[in-house]
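> Provided below are the primary sequence and the corresponding predicted coordinates.
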Amino acid sequence: MIQKEQNGLVYFQFDAFSQKKNIKHFISTRINNKDTSFNLSLYNRSNTNEIIENRQDLAKFVDIPFTNFIFQQQVHSKNISILTKADAGKGIQAYYDGISDNDAMITNKPGVCLTVMAGDCVPILFYDPIKKIIAAAHAGWRGTYKRVTQLTIEMMTNQFGCKASDILAGIGPSISQKNYEVDDHVYIEFEKRFDNLSQIFTNTDENGKYYLDLWEANKQQLISAGLSKENIELSNICTFDQNNLFFSARRGDKGRFVAGIMLCDD
C-alpha cells in the first residue's frame, strides 16, 4: 500500500489501483490536521457537525466532490445494491439517509463515490478496468460467513458482464488473525460453508477460543469467484495493532475510518 499525506491528513491507497487513471480511491486514517480524531461515522449521531466537517475535509483532500459520496447503513449482511448518479449524496449528512440495510455497493457510473465504514471489519474495494465497474464491500465475520465478497463479484459478472479474471480487489486495513478471537459458535457456523478451515482458523487459546483470519477467508472467496491471486492486494495492516492510525472496535473505539472508490470520466 501507498501512504499519502495532504495538509496533515494521512490516507492510504492500493498499489495496483493507484496505477489506474480511470478511478480515484482512498482509505482514510485517524490522522488529520486537527486536534480531534478523524472520525467519519454518523452512526452514533453524536458530534454530527464535527463529523460532517471531517467528511468535507476528506472530500477536499482526496479531490472528490463532497456531494458525490454515498454512505450506507451497514448491518453485517450480504445485501448488495447497484447504484446510479441519482444516489450520489445519500448518507453524507445523516446516517438515516444512507443506503439502508446494505453492505456492498456496485456502480458503472462515473462521479459516484462508493464508501465503506470500518473499524476492524474488512473494507474491500473492487475495480474492473475492462468494463469500468467499481464496487465496495464491508465484511466482518458475519458478512464474511455470508460470502458478501463472493456475491459482489458474482453480481458484477451477472449484471455487468464482467470477467472475474479482469477484476482487481483490494483487502483493506482490518483486524489480523492473532488479534481476532471468536467463540466456538463462529467456528461451527464457518464449518457449514467453508472448506480448509485450518487455513482461516487457529485454536491455540487454552480456553478453547478460536482466532479467525478475515483476510484469508475473504481472499479465498475472491479466488473461488474466479479472481487471480495476482489481482488481489492485501494491505496487511492490522487495525488493532496500528491503533495510532486506524480506529479499532476491539480497542473500544467508537470512531470509524472510510474506504472509498469512484470512477472518473474518460
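Noted; the coordinates are in hand.
> end-to-end on stretch 77-87?
End-to-end distance for stretch 77-87, by C-alpha to C-alpha, to the nearest Å: 20 Å.
> And for stretch 254-266?
When the termini of stretch 254-266 are compared using C-alpha to C-alpha, they are 39 Å apart.
> swap in stretch 31-44?
20 Å.
> In it, which residues are buried?
Going by neighbour count (16 or more other C-beta atoms under 10 Å), the buried part of stretch 31-44 is 31-32, 37-43. In this view, the C-beta of every residue, glycine as well, is placed from N, C-alpha and C.
> Now do that stretch: distance to the chain's middle.
Counting by C-alpha atoms, centre = their mean, to the nearest Å, stretch 31-44 is centred 17 Å from the centre of its parent chain.
> next one: stretch 208-222
For stretch 208-222, the distance to the chain centre is 16 Å (C-alpha atoms, centre = their mean).
> follow-up on the earlier one: between the buried residues of stretch 31-44, which is closest to Asn22?
Nearest to Asn22 out of the buried residues of stretch 31-44 is Leu40 (C-beta to C-beta; 24.8 Å).
> what's the closest one in contact with, if anything?
Neighbour list for Leu40: 28, 51, 54-55, 58, 117, 255-258 [criterion: C-beta atoms under 8 Å, 6 or more residues apart in numbering].
> what's the answer for Tyr95, then?
Going by C-beta under 8 Å, 6+ apart, the list of residues near Tyr95 reads 42-43, 45, 71, 73.
> switch to 7 Å and redo it
By C-beta atoms under 7 Å, 6 or more residues apart in numbering, the residues touching Tyr95 are 42-43, 45, 73.
> Looking at pLDDT only, which of those scores worst?
Minimum pLDDT across the contacts of Tyr95 is recorded for Arg45, with 73.
> what's the closest of the contacts of Tyr95 to Arg251?
Tyr43 (16.8 Å).
> Let's verify Asp195: helix, strand, or coil?
coil (DSSP: H, G, I helix; E, B strand; the rest coil).
> And it, how far from Gln220?
Distance, Asp195 to Gln220, by C-beta to C-beta, to the nearest Å: 8 Å.
> more neighbours, these two?
Neighbours were counted for Asp195 and for Gln220 using other C-beta atoms under 10 Å; Gln220 has more, 20 against 10.
> what separates that one from Ser165, distance-wise?
Gln220 is 17 Å from Ser165, where distance means C-beta to C-beta.
> Next: Gln159.
For Gln159, the distance to Ser165 equals 17 Å [C-beta to C-beta].
> what do you get for Lys209?
Taken as C-beta to C-beta, the span from Lys209 to Ser165 is 38 Å.
> Neighbour count for these two, which is higher?
Lys209 (15 against 10).
> And the strands in the stretch 151-266 of the chain, which stretches?
Ranges of strands within the stretch 151-266 of the chain are 168-171, 181-182, 201-202, 210-212, 232-234, 257-263, based on DSSP state E, counting those that start in this stretch.
> Residues contacting the last one, please?
Meaning strand 257-263. 22-30, 40, 58, 64, 68, 109-119, 123, 125, 127, 132, 134, 136, 172, 246-247.
> list the contacts for the residue nearest to Lys85 when sequence neighbours are not counted?
Among residues not flanking Lys85 along the chain, Lys109 sits closest, at 5.1 Å (C-beta to C-beta, 6 or more residues apart in numbering). Contact partners of Lys109, counting by C-beta under 7 Å, 6+ apart, are 84-85, 263.
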